[in-house]
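Colleague: Build the 3D model from these lines:
(2 chains)
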Amino acid sequence: MFIGIWSIFKKEVKSYFNSSIAYIFLILFLLIPNILFFYILGGIFKENSATMRTFFSMLPYVFIIFIPGLTMGAWAKEKNTGTIELLFTLPVSQMEVLLGKFIAALTLVIIALASTLAIPALTDIFLGSFDWGQIRTQYFGAVLMAGSYIAITFFLSSLTMELINSFLLSSSLLVILTIIGYLSQAIKFPAFLDWLKVLFAQISLSTHFTNFSKGVIDSRDVFYYIGIIVIFFYMNLQTLENKKWG
Amino acid sequence: MIKVKNLVKYYDSKLDPATNNVSFEIEKGEIVGLLGPNGAGKTTIMRMLTGYMTQSSGEIYIDDMNILDDPISIKKLIGYLPEHTPEYTDMTVFEFLNFIGEIRRMKKKDIPDAVDRMIKMTALEKVVYKKINQLSKGFQKRTGLASVLIHDPKILILDEPTAGLDPNQVIEFRKIIRRFAEQKTVILSTHVLSEIEAICERVIIIKNGSIIADDTIQNLIKTYSNDQYVDFEIEADNLIEAEQNLLKIKNAWKLEFVKKEGKNIFRFRALIEKKSDFESELKALLKSKKWILKSFVKKNANLEEIFLKIGQQEEV
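Modeller: Numbers count the residues shown, from 1 in each chain, chains lettered A, B, ... in the order given. So this is what the prediction gives:
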């Protein structure tokens, strides 16, 4: 099983770099959040302490555009070019292909996130010491959240043949799943709709990142993101299997 | 080697099945052609044989293994080249062949030799380090063929393998397939009859998802054709007079002028019944006109005619 996953992983990473998606993703990911962090939202200067809370609190919104941009072709491109027929007539299971693709996309996100480590590293040297325990938790949470975003966008990519449809579907669903978390806090719900407020907070991708962005690990948040990954993996495999029987 | 029993595939339960009760067996070493018009169900059969699609009902056994029980093991035995030759076109030929070797779980130490062998066999030396999207259709097809042969499969399945190739490429492609087929099983689908005649020993004719004939080409010709083509050249005074007189021969149907071979030498083709005395009637005519018969060759009716005839019989 490992050889199949490894072969697909290498192919996907090469494909990201061959098609320049990886470079665009890395450059934009490095530029946009940093500009927002330092110049627009105030970042560490506003907080008046060496923390990256502002940076991490906007990450769920940054991922809404970045992750569908990276993963929109996961299945849609394979279907569009016909390579899905090549892939599924090779001696490799659907799970191996899915895992290989997932790990490749997550690796690229991890590289992008790692590149932002320059912020705490430089701050630590010139401005003041960071709480590295908090930083570790924030990055761990960001990777988990990215995994769930990737799993969701992979599933939606399996439903369509067109890259643009895949991107729009993914971004739309991610907007909904992220914004409802913000709404659950920003809007005053009438008492009889309290259950809706709780529901929004529980299913939102951004709410479960709040603790991580403060540097706190809550096992419920970890299980939530793992649960999202498992559920969307299952639905993705079902879509591929249905296509085989269809 | 391959056993297919009552294979049925529905894409939509409200529509007719794409394949309907298809059954056949193919032994090791056979080269079998699936012949049928576009939309007959050839690609669907191949996709089910290769595990890309699952049948609605029926059974497929490859090397005595049921395809639903162990699809991964069966896929290891097969090399499948779909019609549109899907490839990762952002890879170079070298990268693509290495990727296929690795994902097919070949031993790491065997892959470089296998890649070299395939590159030589399919004459890809000049384009090894070029990206596939920069290659001509012919080279892309050769890359596809190299990728399906790299793991030395027991079974080769080719869907419309020469579609889009120029005549020289077609000849080369057929040579490679024939060389491979000496010890293997090959199934190829086509709607080009000359393809079947050039490569296959046996033909399965499919129409509307069902098998309407399954036999060797020789047997099909023997069974279905009472007709022969005759190619002949005569030296006559002029073409118009020659044609007018030849048309009077009762036993010749579809008499047609083919081309002028020299001064006053004309080539004709006629369709005749095998038992007819066309030859003696022609000679009598030529003798009366003092024309000369330069050549006279009888040919069995070709697969095209048989294919049309079988199709028409089925419709009736």
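Colleague: Tell me which residue is most central in chain B.
Modeller: B:Ile196 (3.0 Å; CA atoms, centre = their mean).
Colleague: if I pick it, what's in contact with it?
Modeller: By CB atoms under 8 Å, 6 or more residues apart in numbering or on different chains, B:Ile196 lies in contact with B:Gly33, B:Leu35, B:Thr190, B:Val203, B:Ile217, B:Leu303. Placement of C-beta: from N, CA and C, glycine included.
Colleague: Specify the local secondary structure of B:His84.
Modeller: Put simply, B:His84 is coil when judged by DSSP: H, G, I helix; E, B strand; the rest coil.
Colleague: Centre of the chain to the host helix or strand of A:Ala142, how far?
Modeller: Assigned by DSSP states H and E, A:Ala142 belongs to helix A:132-157. Centre-to-centre, helix A:132-157 and its host chain are 5 Å apart (CA atoms, centre = their mean, to the nearest Å).
Colleague: Could you pull up the residues touching residue 150?
Modeller: You didn't say which chain, so I picked chain A. A:Ile150 neighbours (CB under 8 Å, 6+ apart): A:Ile67, A:Leu70, A:Thr71, A:Phe102, A:Ala105, A:Leu106, A:Val109.
Colleague: The chain in question should be chain B.
Modeller: Contacts here follow CB under 8 Å, 6+ apart; on that basis B:Ile150 touches B:Leu97, B:Ile100, B:Gly101, B:Arg104, B:Met106, B:Ala114, B:Val115, B:Met118.
Colleague: isn't the first one right next to B:Met118, touching?
Modeller: Right, the one you point to is B:Leu97. Yes. With contact defined as CB atoms under 8 Å, B:Leu97 counts as touching B:Met118 (6.1 Å).
Colleague: Identify the contacts common to the two.
Modeller: B:Ala146, B:Ser147, B:Ile150.
Colleague: Inside helices: which ones of those?
Modeller: Within the shared contacts of B:Leu97 and B:Met118, residues falling in helices by DSSP state H are B:Ala146, B:Ser147.
Colleague: Pipe the shared contacts of B:Leu97 and B:Met118 into TSV and attach pLDDT and distance to B:Ile62 per row.
Modeller: Shown next, in TSV, are those (pLDDT from 0 to 100; distance: CB to CB, whole Å):
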residue	pLDDT	distance to B:Ile62
B:Ala146	93	23
B:Ser147	95	20
B:Ile150	93	19
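Colleague: Need the phi and psi values for residue 163.
Modeller: Answering for chain A, as no chain was given. Here is the backbone geometry of A:Leu163 (degrees, to the nearest 10): phi -60, psi -40.
Colleague: For burial, what's the neighbour tally of it?
Modeller: Number of residues near A:Leu163 (other CB atoms under 10 Å in any protein chain shown) recorded here: 16.
Colleague: What angle do helix A:132-157 and the following helix or strand past the helix holding A:Ala142 make with each other?
Modeller: Going down the chain from helix A:132-157, the next helix or strand is helix A:163-186, by DSSP H and E. Counting by axes from the mean of the first three to the mean of the last three CA atoms, to 10 degrees, helix A:163-186 lies at 130 degrees to helix A:132-157.
Colleague: Please identify which of the contacts of B:Ile150 is nearest to B:Leu239.
Modeller: Ranked by distance to B:Leu239 (CB to CB), the contacts of B:Ile150 are led by B:Met118 at 53.2 Å.
Colleague: of all the contacts of B:Ile196, which two lie farthest apart?
Modeller: Using CB to CB, these reach their maximum pairwise distance at B:Thr190 and B:Ile217, which is 13.2 Å.
Colleague: What mean pLDDT does stretch B:20-30 get?
Modeller: The average pLDDT for stretch B:20-30 rounds to 91.
Colleague: And it, how far out from the chain middle?
Modeller: How far stretch B:20-30 lies from its chain's middle: 16 Å, per CA atoms, centre = their mean.
Colleague: Output it in CSV with nothing but the alpha carbons.
Modeller: The C-alpha coordinates for stretch B:20-30 follow below in CSV (Å, rounded to 0.1, in the frame of the first residue of the first chain):
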residue,chain,number,x,y,z
ASN,B,20,-26.3,-7.3,-23.1
ASN,B,21,-25.4,-10.9,-22.1
VAL,B,22,-21.9,-10.8,-23.6
SER,B,23,-20.1,-14.1,-23.2
PHE,B,24,-16.8,-15.3,-24.6
GLU,B,25,-13.5,-17.0,-23.8
ILE,B,26,-10.1,-16.1,-24.9
GLU,B,27,-7.1,-18.4,-24.6
LYS,B,28,-3.5,-17.5,-24.0
GLY,B,29,-1.7,-16.4,-27.2
GLU,B,30,-4.8,-15.4,-29.1
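Colleague: Could I get the buried residue list for it?
Modeller: Neighbour-count burial for stretch B:20-30 flags B:Asn20, B:Val22, B:Phe24, B:Ile26, B:Glu30 (criterion: 16 or more other CB atoms under 10 Å in any protein chain shown).
Colleague: Spell out the secondary structure type for the second one.
Modeller: For B:Val22, the assignment made with three-state DSSP gives strand.
Colleague: A:Leu90: which of the buried residues of stretch B:20-30 is nearest?
Modeller: Here the nearest of those to A:Leu90, counting by CB to CB, is B:Ile26; it sits at 22.1 Å.
Colleague: what separates the closest one from B:Val186, distance-wise?
Modeller: Counting by CB to CB, to the nearest Å, the gap from B:Ile26 to B:Val186 is 9 Å.
Colleague: and if you look at B:Tyr88?
Modeller: Counting by CB to CB, the gap from B:Tyr88 to B:Val186 is 25 Å.
Colleague: Could you do A:Asp131 as well?
Modeller: A:Asp131 sits 67 Å away from B:Val186, going by CB to CB.
Colleague: Neighbour count: those two, which is higher?
Modeller: Neighbours were counted for A:Asp131 and for B:Val186 using other CB under 10 Å; B:Val186 has more, 23 against 15.
Colleague: Identify the residues contacting that one.
Modeller: Neighbour list for B:Val186: B:Glu30, B:Ile31, B:Val32, B:Ile155, B:Leu156, B:Ile157, B:Leu158, B:Ile177, B:Phe180, B:Ile199 [criterion: CB under 8 Å, 6+ apart].
Colleague: make it 6 Å
Modeller: By CB atoms under 6 Å, 6 or more residues apart in numbering or on different chains, B:Val186 lies in contact with B:Ile31, B:Leu156.
Colleague: tell me the secondary structure for it?
Modeller: Assigned state for B:Val186: strand (three-state reduction, three-state DSSP).
Colleague: follow-up on the earlier one: the contacts of B:Ile196 in strands, which ones?
Modeller: Members of these lying in strands (criterion: DSSP state E): B:Gly33, B:Leu35, B:Thr190, B:Val203.
Colleague: Close to chain B: what parts of chain A are there?
Modeller: A:3, A:7, A:11, A:15, A:18-19, A:82-83, A:85-86, A:88-92, A:244-245 (CB under 6 Å from any CB of the partner chain).
Colleague: ok, now with 10 Å
Modeller: Residues of chain A lying close to chain B (CB under 10 Å from any CB of the partner chain) are A:3-4, A:6-8, A:10-11, A:14-19, A:78, A:81-93, A:96-97, A:100, A:241, A:243-246.
Colleague: ok, back up a step: more neighbours: B:Thr190 and B:Ile217, which one.
Modeller: Taking other CB under 10 Å, B:Thr190 and B:Ile217 do not tie; B:Thr190 has more neighbours (23 against 17).
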